[in-house]
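Chemist: pasting the structure only:
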């Protein structure tokens with residue numbers, strides 16, 4: 001989903017309208033050609049790389065927050 005959100009934000013107005021039209025269709029009405037076009041646009045705009053970087057950023061933030069929380073717990077449990 002992050003790849004599609006990224007693509008919506010960076011693609012041309014014409015491609016954005018095409019993507020919005022595709023997403024508005026029932027799944028059974030979507031064509032392989034439409035999917036190929038969207039994948040091509042994702043490649044051009046590096047949407048998968050953006051999504052991976054975004055996910056790594058979230059994971060790093062969570063890891064850092066956990067470290068802070070664990071350190072605070074240690075302080076409270078080791079104090080006399």
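Modeler: Noted; the coordinates are in hand. Note that the structure is predicted; figures quoted are calculated from it, not measured. Numbering: from 1, shown residues only.
Chemist: ok, how many other residues are close to residue 68?
Modeler: 9 (other C-beta atoms under 10 Å). Just so you know, the C-beta spots here come from the backbone N, C-alpha and C atoms, and that holds for glycine as well.
Chemist: ok, residue 47 to residue 4 distance?
Modeler: For residue 47, the distance to residue 4 (C-beta to C-beta, to the nearest Å) stands at 8 Å.
Chemist: higher neighbour count, the two?
Modeler: In terms of neighbours (other C-beta under 10 Å), residue 47 is the more surrounded of residue 47 and residue 4; the figures are 23 against 15.
Chemist: give the contact list for the more buried one.
Modeler: By C-beta atoms under 8 Å, 6 or more residues apart in numbering, the contact set of residue 47 is 3-4, 6-7, 10, 41.
Chemist: got the phi/psi numbers for it?
Modeler: Note on residue 47: backbone dihedrals following degrees, to the nearest 10 are phi -70, psi -40.
Chemist: cool, and residue 25?
Modeler: Note on residue 25: backbone dihedrals following degrees, to the nearest 10 are phi -80, psi 150.
Chemist: neighbours around it, how many?
Modeler: Residue 25: 11 neighbours (other C-beta under 10 Å).
Chemist: quick check: it vs residue 10, distance?
Modeler: Distance, residue 25 to residue 10, by C-beta to C-beta: 22 Å.
Chemist: where exactly do the helices run in this structure?
Modeler: Taking DSSP state H to define them, one finds helices in the chain at 2-10, 13-24, 32-45, 47-78.
Chemist: present those as TSV; the columns should include mean pLDDT.
Modeler: Below are the helices of the chain laid out as TSV (pLDDT from 0 to 100):
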stretch	mean pLDDT
helix 2-10	92
helix 13-24	94
helix 32-45	95
helix 47-78	88
